[in-house]
Structures are given as C-alpha cells and as structure tokens.
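1. Let me see the structure of the following:
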Amino acid sequence: MNQRDPSLPLSRDAVDDPVALAADAHADAPAAPPQASAPATVRAMGQPHFHESARAQVAGSAHYIDDLPEVKGTLYAAPILSTVAHGALNGVDTTAAAALPGVRGVVLAQDVPGDKLLAAFAHDEPVFATDTVQHVGQVIGLVVAESVMQARRAARAVQLDITPLPAILSVQEALKAQSFVLPPVFVRRGDAAQGLAQSAHRLQGAFEVGGQEHFYLEGQIAYALPLEQRQWWIYSSTQHPGEVQHWVAHALGIDNHAVKVECRRMGGGFGGKETQAGHLAVWAAVAANKLGRPVKLRLDRDDDFMVTGKRHPFAYEYDVGFDDAGRITGLKLQMAANCGFSADLSGPVADRAVFHADNAYYLSDVEIASYRCKTNTQSHTAFRGFGGPQGVIVIEAILGDIARALGRDAHDVRMANLYGKNAGEGRNITHYQMTVEDNILHALLPQLEQSADYRRRQADIAAWNAQQPVLKRGMAITPVKFGISFTATLFNQAGALVHVYTDGSVQVNHGGTEMGQGLHTKVAQIVADELGVPLHRVLVTASDTSKVPNASATAASSGTDLNGRAAQFAARNVRDNIASFVCGLDGCGAGAIRFEGGQVISPKKVRRFEDVVKEAYANRIQLWSDGFYRTPKIHYDKTTLTGRPFYYFAYGAACSEVVIDTLTGESRVLRVDILHDVGHSINPAIDIGQIEGGFVQGMGWLTTEQLVWNDKGYLSTHAPSTYKIPATGDIPAHFKVELWPEANREDNVGGSKAVGEPPFMLAISVYEALRNAVAAGRAGKVATEPVVLTAPATAENVLRALGRL
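-> This is a model prediction of the structure:
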C-alpha cells in the first residue's frame with residue numbers, strides 16, 4: 001500500500017480515506033513482535049469517526065433538555081424584563097398578570113432564600129433587579145404558569161414603575177465618565193515612547209469592531225426539580241455544570257452537595273453558556289423553591305437576545321512606529337472593551353485580548369492600555385476566542401495599514417514581523433514574558449502562500465481592479481498564534497471516571513460538556529485505544545456534578561486536552577490492574593502485556609478482552625478507576641499579566657479573496673485556503689469541521705452580524721429577521737482546509753492540539769481582504785492612507801469606508 005508522505009498536510013480528501021489515515025497513524029511506529037493469532041489493529045485515534053451523537057441527531061432521537069420527559073406537576077416560567085436601560089425600580093405591579101388563566105405565582109428578588117447577588121466572580125450582579133435596572137432586558141422576576149404561553153403572556157402583563165436615569169450606551173461615553181466594571185490594566189515592555197520617537201515612519205489610527213450574538217440553535221434553558229430533604233436535580237444547558245451547581249446552592253442558601261447538575265448535550269454553546277446558563281438555572285430553582293414544584297425556564301429567541309450577553313465590542317486607538325521593511329519599532333495601543341452592566345467574564349476576556357494583541361509578531365517596545373467599560377447594555381460574556389479575536393484583529397489591521405503606507409505587500413510585512421524560529425533568537429519573548437518555543441509559522445506561511453498561488457493571484461487582482469470601475473477584489477493572508485490554557489491557572493485541571501463492566505463494555509464520565517464539538521467522541525477514542533477495545537464498546541455518559549466534582553468549564557479550547565488526558569489516565573489505571581493480573585497468570589512482566597483489537601496479548605497467550613475482564617472480576621481485581629490531570633509548566637501573575645499562561649500555541653493561516661460592489665457596498669467571499677495546526681489529529685473529520693465552522697462564524701462576526709442598540713439602549717437586532725448569521729449561500733465556492741502534519745511539541749494527549757477557538761481568527765483574513773478591496777475602490781484617496789472599516793463590514797460600513805456615505 002502506498003503511504004501518504006507524513007510531512008505533507010492532511011486535506012479534507014484524506015478524511016474520506018480511513019485506510020490512508022491508518023497508514024499515517026502507523027507510519028513511524030516501531031514494528032511489533034509477530035503474533036500469529038493477534039489481529040491487525042487500527043487505532044481509534046487519528047481516524048475520522050462519526051460524531052458519537054450524529055446518527056441520533058439526524059434521526060431526531062438525540063435528547064436536549066426540552067425533549068426530556070417532564071415530571072408530573074411541572075410548571076413553566078417566563079421572565080419579566082426591564083423596558084428601560086437605566087432607572088430606579090420603584091415598584092412591580094403583578095395584579096393583572098396574576099389574574100390571567102394558568103398563572104400560579106410571581107417570583108421577585110424577595111423570594112431568593114440565599115444571597116440576592118449571583119455567585120459570580122465580581123459578585124456584582126443581582127439574581128433579580130431590586131432597586132435599579134441596568135439594561136433593557138434585565139430580568140426583574142418571573143411569572144410561573146401551567147403552560148409556556150400562559151407564563152409568557154402573563155409576564156408581558158406585569159406593570160413596572162421605573163424612573164429613567166442617565167444611561168451610558170457607548171465605550172466613548174464610558175471612557176469619558178470613567179465608568180468601568182473593573183480597573184484598567186496596563187502592560188508595558190521596553191520603551192514605547194522612545195521606540196516611536198526613533199522610528200523611521202509613524203502612523204496613528206482608530207477603529208471599532210462590534211459584538212456578536214452566540215445564536216446557538218438550542219436557546220438558554222434550565223429545568224429545576226426539587227427532591228427530598230432539600231436536594232435538587234438541575235438539568236442545565238451549560239458549559240460549566242460545576243458553576244451552575246455552585247450558583248444554585250448559593251442562591252438557595254444550601255451546600256453544593258445538595259445540588260446535582262446534569263447536561264447530556266447542548267445544541268451549541270460558543271461561550272454563551274459558560275456563565276450565563278447559570279442565570280437560567282438559578283431563576284428556575286428559586287421559582288421551584290417558592291412553589292414547591294418542578295419549574296422549566298426556556299427563553300424564546302427574542303428574549304434570549306434581550307437578556308444574555310454577547311461578544312465584547314471593542315474600540316481601538318493606536319500609534320505605531322516602523323522601519324522601511326514595515327517592522328514595528330514602537331507601539332502604543334489602547335483597547336476599550338464594552339463590558340455591559342456587570343463584570344461577568346470581562347476581566348479575563350480583556351486580559352486575553354491583551355495577551356493576543358501581538359498575534360504572531362514580536363513587539364520590542366510596546367505599551368498597552370486595556371479599559372473594561374461599564375455600559376447600560378447586556379453583560380457581555382465569553383464567546384469563541386474569549387477576547388483573542390479582539391486582540392488579533394487590531395495588530396493585523398495595524399500591519400495592513402503599515403503595508404499600505406509603505407506600498408509593500410502586506411504578507412511580506414507580516415513575515416518581517418514574525419516571532420523568531422527558535423527560542424534563542426532574542427525575538428521570541430512575548431510582551432507578557434512568555435517564550436515562544438514552537439513557532440512553526442516560518443514554514444507554514446510560505447507553504448500556504450505557495451499552495452494558494454498567492455503571488456500570481458495578487459497580480460491578477462491588481463490587473464482586474466485596474467480595469468473594473470465598479471467591482472473591486474482584495475486578498476489577504478493572515479496567521480494566528482493562539483495560546484492554549486485557561487489564563488486562570490486553577491482551572492487547568494480535570495477529572496474522569498472509567499468503568500469496565502464484566503461484559504467488556506466501557507463507560508466513561510468526565511468533567512467536560514458536549515456542545516456539538518465532538519469532545520465525547522474524542523474522549524471515547526482515547527479510552528478505546530488505551531484499553532485496546534473497539535470504539536463502539538466505549539460509551540461516554542452525561543456530564544454530572546455527582547460523578548466528577550469541581551470540573552472546570554468546557555472552554556478555552558482545552559476540553560480534550562484536559563478531560564481526554566484525565567480519561568486516558570483513568571483507563572490506564574484499569575489497564576494496569578488487568579495487566580498485573582494477566583502477568584501473574586502467565587509469569588511475565590506487566591510491560592509485556594498488550595491491549596489491542598479487543599484482545600489482551602501476553603507472550604504466552606492471546607485472550608479476548610471480555611474474557612479477561614470476567615476472570616479479573618472473579619479474582620476481585622478493580623475494574624474501574626478515576627483519573628486526574630493538571631496542565632504542567634503554566635504559571636501567571638494576574639497583577640502584572642506576566643508569566644507562562646499557556647501550555648502551548650496553536651497556529652494556522654488563511655488566504656481569503658473577496659469582491660465588493662463599490663456602488664452598493666455588498667461583498668462576497670470568493671475563495672478561502674486554510675492551513676491549520678491541530679498537531680496529530682485525534683479525529684480529522686471533527687477537526688476539519690471545527691476549522692470550517694470556526695472560520696465561517698468568524699466571517700459572520702466581521703461581515704454580516706451587526707448588533708444595533710438604539711439611543712434608548714434597546715437592542716433593535718434581536719431576531720433572525722434583523723440579525724444575520726452566515727448561511728449556505730455565504731460559503732465560498734472554493735473552501736479548502738488542510739492540516740499541518742507536525743505533532744504538538746508539548747506532551748499533550750495523542751500529540752494533538754486544541755482546535756475549538758483558533759480557527760475563528762483565521763477569518764480576519766476576510767476583513768483584511770475587504771480592506772484591500774476598499775483601498776482599491778476609494779475615490780480621491782491617496783493609496784497609502786489607512787482604510788477605516790468598522791466591523792462588521794456590512795454594506796453600509798463598506799460604503800462608509802469607501803467614502804460614499
């Protein structure tokens with residue numbers, strides 16, 4: 001059989017050829033000693049297996065929370081929402097609502113038996129609004145009724161007495177008023193002022209990027225069931241069951257151990273269910289506590305928009321100095337995040353934006369000011385990339401403007417600014433004092449440049465733009481260097497349980513959650529290989545706080561890194577127990593026992609795995625174990641924002657080509673070529689799907705997904721009719737994804753790298769391509785002038801950048 005060269009990237013075509021993938025997986029493996037009765041083995045890891053729920057989802061038999069059978073007596077809640085952006089809450093008149101058919105009660109702040117503030121990091125957000133309201137859509141209370149529609153109709157009948165107060169609705173207003181949810185943060189390296197003063201060239205600029213609605217297919221939902229002796233069972237569509245457990249216990253005034261939170265799967269999360277799923281669970285639990293009956297709370301799409309936070313909008317101002325090659329010699333950067341009315345996760349989001357303001361580039365003399373602005377809007381929260389995209393886009397925009405100012409190709413300017421190839425070169429220390437040890441971009445970027453035919457196509461685009469008066473094209477290559485780990489070091493830990501039953505089947509439970517990203521599938525593959533059993537013999541069960549306690553959120557792209565490794569360790573413990581038993585039977589060392597192809601192989605005998613398990617059980621051998629993993633090497637001082645917050649970096653690059661209509665502002669993405677680094681892929685089909693999905697979601701953030709608050713603080717774009725996510729028609733005709741073949745240089749599970757968030761930032765290539773197209777279409781503008789294009793690049797914003805509005 002001809003083997004694919006493992007030094008070459010893996011393309012989507014190879015995903016359809018499991019034989020080729022199996023060959024790759026074993027290309028460098030040492031030959032095993034001959035075993036006449038041992039079967040040829042294909043490992044589960046490295047193969048493009050179906051998502052574990054794919055068939056059930058297609059058949060409509062995969063259960064989400066609203067599909068679960070309801071307990072007799074279940075009631076339904078609907079939120080009472082503020083209609084004012086900022087005001088004094090004088091009273092709540094529930095008389096009309098209470099008189100409507102089916103209404104069983106109204107729940108307000110005074111009904112919270114525990115702390116009236118949520119157990120959030122900053123402890124600055126009320127369970128229900130009390131004396132003041134802070135944004136349009138803030139939840140003041142609930143109406144609980146016998147049906148969903150009865151509850152929703154009654155919630156709208158509640159009369160609110162609110163005296164409006166001055167509202168802060170923009171970052172600029174917040175900066176002027178010094179309105180912050182958390183203190184500003186400043187990071188400095190070298191002498192930015194001196195670097196600017198001594199620069200051969202200098203450029204100033206300012207621009208903004210908007211927020212983004214998560215638009216998960218399954219909206220926010222929780223189902224709270226009171227049990228005996230003040231115990232609770234909470235079904236929550238959450239990325240962080242442990243936090244939901246803590247929040248519910250805190251609000252009810254009980255111990256964490258009395259609350260069990262379960263989540264089999266989410267219909268999408270994207271960060272929007274990391275903290276904010278906790279709100280729904282607390283509200284439902286408080287209502288159930290008051291009424292003594294199970295309560296389900298599911299937000300409809302409009303209310304979900306109005307209640308929940310988004311990606312943080314950012315505003316930037318920069319002053320950059322550079323040499324004739326475009327290499328940055330000094331930078332002063334101000335980043336102001338619109339955090340909404342409370343801190344939520346804004347601190348670490350803004351921190352990660354600071355960490356990623358370098359993206360892939362060495363900044364010798366830099367000064368960054370990060371402002372966490374308090375406004376009277378929804379409290380913005382985690383979203384795929386967690387501040388990383390807002391950091392990466394600003395340095396990419398700066399480099400694009402530098403290239404324009406010098407009349408150079410932006411790709412060459414980016415290459416000139418890259419971190420060094422090796423750790424000892426002196427250009428490998430980040431502005432937060434972490435050494436970049438694994439920079440592969442010096443090899444990856446030229447390979448993408450060649451495979452995407454970048455130079456020839458740039459020449460063709462220049463010729464096209466010279467001849468076409470209306471349609472203008474643009475192209476850009478942008479890289480990503482994304483740090484993998486929670487920046488809060490304590491969250492970089494995970495636990496898992498592996499149970500082997502006497503029939504040889506295996507059950508796994510771990511602290512991560514499944515939101516469609518394939519975490520359970522990858523964990524099952526890891527455990528199957530560790531025990532040498534077929535993948536179909538491994539079942540991963542619902543995330544459950546009563547099985548794995550204190551689990552971190554499934555976030556920061558670390559779900560497989562943490563939970564996969566913990567599950568691997570648990571499976572290894574069971575395997576070692578079985579191996580010790582078998583070596584006693586056969587008089588050999590435990591290291592000579594192999595687990596492959598559903599068999600346990602010793603130098604003397606080959607046995608079926610299930611037979612060995614039965615015999616081990618009969619001899620009272622432990623067939624279950626826990627596993628625990630904590631990420632090594634990381635440390636971080638949150639007061640100075642210095643240290644090694646990340647275990648490793650994931651890299652990638654995209655080349656995107658676009659066209660704009662200079663008369664209407666409309667745009668289209670014509671072609672995308674991606675070369676992305678996932679290490680040794682555990683599941684290439686899932687990883688390529690994540691890359692494609694992340695890119696398209698990032699493309700939506702930067703092109704069509706515009707959040708518009710009016711001058712009263714009301715979110716006007718609160719439904720699919722006004723808020724536009726990318727659809728099938730937005731996918732470019734040419735959309736090519738290849739995987740970089742090198743394994744993770746750090747000791748990560750299977751040699752893999754995280755894949756959830758990094759591809760999102762590859763879509764910044766679309767934004768830069770659009771700016772290049774705008775530059776080609778501007779009338780009466782000097783070619784070297786910066787292009788100010790507010791993101792998302794809607795038709796209106798493109799026309800503004802062209803100078804036509």
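2. isn't there a helix covering residue 364?
-> No. Read with DSSP: H, G, I helix; E, B strand; the rest coil, residue 364 is coil and lies in no helix.
3. do you know how far it is from residue 408?
-> 20 Å (C-beta to C-beta, to the nearest Å). The C-beta positions use only the backbone N, C-alpha and C, and glycine is treated the same way.
4. Spit out the contact partners of the residue nearest to residue 98 when sequence neighbours are not counted.
-> Spatially, and ignoring its direct neighbours in sequence, residue 98 is nearest to residue 106 (6.3 Å; C-beta to C-beta, 6 or more residues apart in numbering). Counting by C-beta atoms under 8 Å, 6 or more residues apart in numbering, residue 106 makes contact with 80, 94, 97-98, 141-144, 158.
5. Buried ones among those residues?
-> Neighbour counting by 16 or more other C-beta atoms under 10 Å classes 80, 94, 97, 141-144, 158 among the contacts of residue 106 as buried.
6. any chance of those residues in JSON lines, plus distance to residue 445?
-> Listed next are the buried ones among the contacts of residue 106 as JSON lines, based on distance: C-beta to C-beta, whole Å:
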{"residue": "80", "distance to residue 445": "53"}
{"residue": "94", "distance to residue 445": "62"}
{"residue": "97", "distance to residue 445": "61"}
{"residue": "141", "distance to residue 445": "55"}
{"residue": "142", "distance to residue 445": "53"}
{"residue": "143", "distance to residue 445": "57"}
{"residue": "144", "distance to residue 445": "57"}
{"residue": "158", "distance to residue 445": "58"}
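7. For residue 315, state which of those residues is nearest.
-> Set against residue 315, the nearest of these by C-beta to C-beta is residue 80 (32.9 Å).
8. Helix, strand or coil: sort out the closest one for me.
-> With three-state DSSP as the basis, residue 80 sits in strand.
9. Quick check: the gap between it and residue 465.
-> Distance from residue 80 to residue 465, by C-beta to C-beta: 55 Å.
10. ranges for the helices of the stretch 151-300 of the chain?
-> 171-177, 192-197, 241-252, 277-291 (DSSP state H, counting those that start in this stretch).
11. Which of residue 364 and residue 408 has more residues huddled nearby?
-> For residue 364 versus residue 408, neighbours defined as other C-beta atoms under 10 Å are more numerous around residue 364 (18 against 15).
12. Let me know the outermost residue of this protein.
-> Centroid-distance maximum for the chain: residue 587 at 50.1 Å, with C-alpha atoms, centre = their mean.
13. Switch the buried ones among the contacts of residue 106 over to a markdown table; also include secondary structure.
-> As requested, these are exported to a markdown table (three-state DSSP):
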| residue | secondary structure |
| --- | --- |
| 80 | strand |
| 94 | coil |
| 97 | helix |
| 141 | strand |
| 142 | strand |
| 143 | strand |
| 144 | strand |
| 158 | coil |
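14. Any chance of these in CSV with pLDDT and distance to residue 265 as columns?
-> Shown next, in CSV, are the buried ones among the contacts of residue 106 (pLDDT from 0 to 100; distance: C-beta to C-beta, whole Å):
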residue, pLDDT, distance to residue 265
80, 98, 30
94, 98, 36
97, 98, 34
141, 98, 30
142, 98, 26
143, 98, 29
144, 98, 27
158, 98, 34
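15. Could you work out the most separated pair of those residues?
-> Spanning the widest gap among the buried ones among the contacts of residue 106 are 144 and 158, at 12.3 Å by C-beta to C-beta.
16. follow-up on the earlier one: among the helices of the stretch 151-300 of the chain, which comes closest to residue 329?
-> Closest approach to residue 329 among the helices of the stretch 151-300 of the chain is made by helix 192-197 (5.1 Å; C-beta to C-beta).
17. On the pLDDT front, check the residue nearest the centre of the chain for me.
-> The geometric centre of the chain, computed from its C-alpha atoms, lies nearest to residue 384 (C-alpha atoms, centre = their mean), at 2.9 Å. Looking at residue 384, its pLDDT is 98.
18. My guess is residue 699 contacts residue 726. True?
-> Yes. With contact defined as C-beta atoms under 8 Å, residue 699 counts as touching residue 726 (5.9 Å).
19. of the two, who's got more company?
-> Each of residue 699 and residue 726 has its neighbours counted (other C-beta under 10 Å); residue 699 has more, 27 against 19.
20. tell me the contacts of the residue lying closest to the more buried one once chain neighbours are set aside?
-> Using C-beta to C-beta, 6+ apart and skipping the chain neighbours, the partner closest in space to residue 699 is residue 763 (4.4 Å). Residues in contact with residue 763 (C-beta under 8 Å, 6+ apart) are 654, 656, 694-699, 701-702.
21. Which helix or strand contains residue 690?
-> In this assignment (DSSP states H and E), residue 690 forms part of helix 684-703.
22. any idea of the mean pLDDT for the helix or strand just after that helix?
-> Using DSSP H and E, the helix or strand that follows helix 684-703 in sequence is strand 734-740. In this model, strand 734-740 has an average pLDDT of 98.
23. Can you name the element that comes right after strand 734-740?
-> helix 764-777.
24. For that following helix, enumerate the helices and strands it packs against.
-> If contacts are counted by 3 or more C-beta pairs under 8 Å, 6 or more residues apart in numbering; DSSP states H and E, helix 764-777 sits against helix 388-406, strand 471-484, strand 648-661, strand 667-677, helix 684-703, helix 795-802.
25. who's residue 608 bridged to?
-> The partner list for residue 608 in beta bridges (DSSP bridges) reads residue 599.
26. for it, what are its contacts?
-> Per C-beta under 8 Å, 6+ apart, neighbours of residue 608: 504, 598-600.
27. in the stretch 501-650 of the chain, which spans are strands?
-> For the stretch 501-650 of the chain, applying DSSP state E, counting those that start in this stretch gives strands covering 506-510, 538-540, 543-544, 594-596, 599-601, 606-608, 624-630, 635-637, 642-644, 648-661.
28. Least reliable of these by average pLDDT, please.
-> Among the strands of the stretch 501-650 of the chain, strand 635-637 carries the lowest mean pLDDT (a mean of 91).
29. Ok, which of the strands of the stretch 501-650 of the chain comes nearest residue 712?
-> strand 648-661 (33.0 Å).
30. could you point out the longest helix in this structure?
-> Ranked by number of residues, the top helix in the chain under DSSP state H is helix 565-586.
31. What about residue 782, how many residues nearby?
-> Neighbour count for residue 782, taken as other C-beta under 10 Å: 8.
32. part of a strand, is it?
-> No. Checked against three-state DSSP, residue 782 lies outside a strand; its state is coil.
33. Low-confidence stretches in the chain?
-> By pLDDT under 70, the weakly predicted segments of the chain are 1-41, 423.
34. at 50 instead, please
-> Along the chain, segments meeting pLDDT under 50 span 1-7, 14, 16-38.
35. hmm, back to that, look up how far residue 142 lies from the residue nearest to residue 98.
-> Distance from residue 106 to residue 142, by C-beta to C-beta: 7 Å.
36. what touches both of those two?
-> Common contacts of residue 106 and residue 142 (C-beta under 8 Å, 6+ apart): residue 80.
37. so residue 227 touches residue 233, yeah?
-> Yes. Residue 227 is within contact range of residue 233, at 5.8 Å (criterion: C-beta under 8 Å).
38. With neighbour numbers in mind, choose between these two.
-> residue 233 (16 against 12).
39. List the contacts of the closest residue to the more buried one other than its chain neighbours.
-> Nearest non-adjacent residue to residue 233, counting by C-beta to C-beta, 6+ apart: residue 225, 4.4 Å away. For residue 225, the contact set (C-beta under 8 Å, 6+ apart) comprises 71, 232-235, 288, 294.
40. Which one, of the helices and strands packed on helix 764-777, ends up nearest to residue 379?
-> Closest among those, using C-beta to C-beta: helix 388-406, at 16.6 Å.
41. need the next SSE after that closest one, C-terminal direction.
-> Following helix 388-406 in sequence, per DSSP H and E, is helix 410-417.
42. Need the residues that contact that following helix.
-> Defining contact as C-beta under 8 Å, 6+ apart, one finds that helix 410-417 is touched by 325-328, 360-362, 399-400, 402-404, 406, 445, 449, 454, 476-479, 768, 772.
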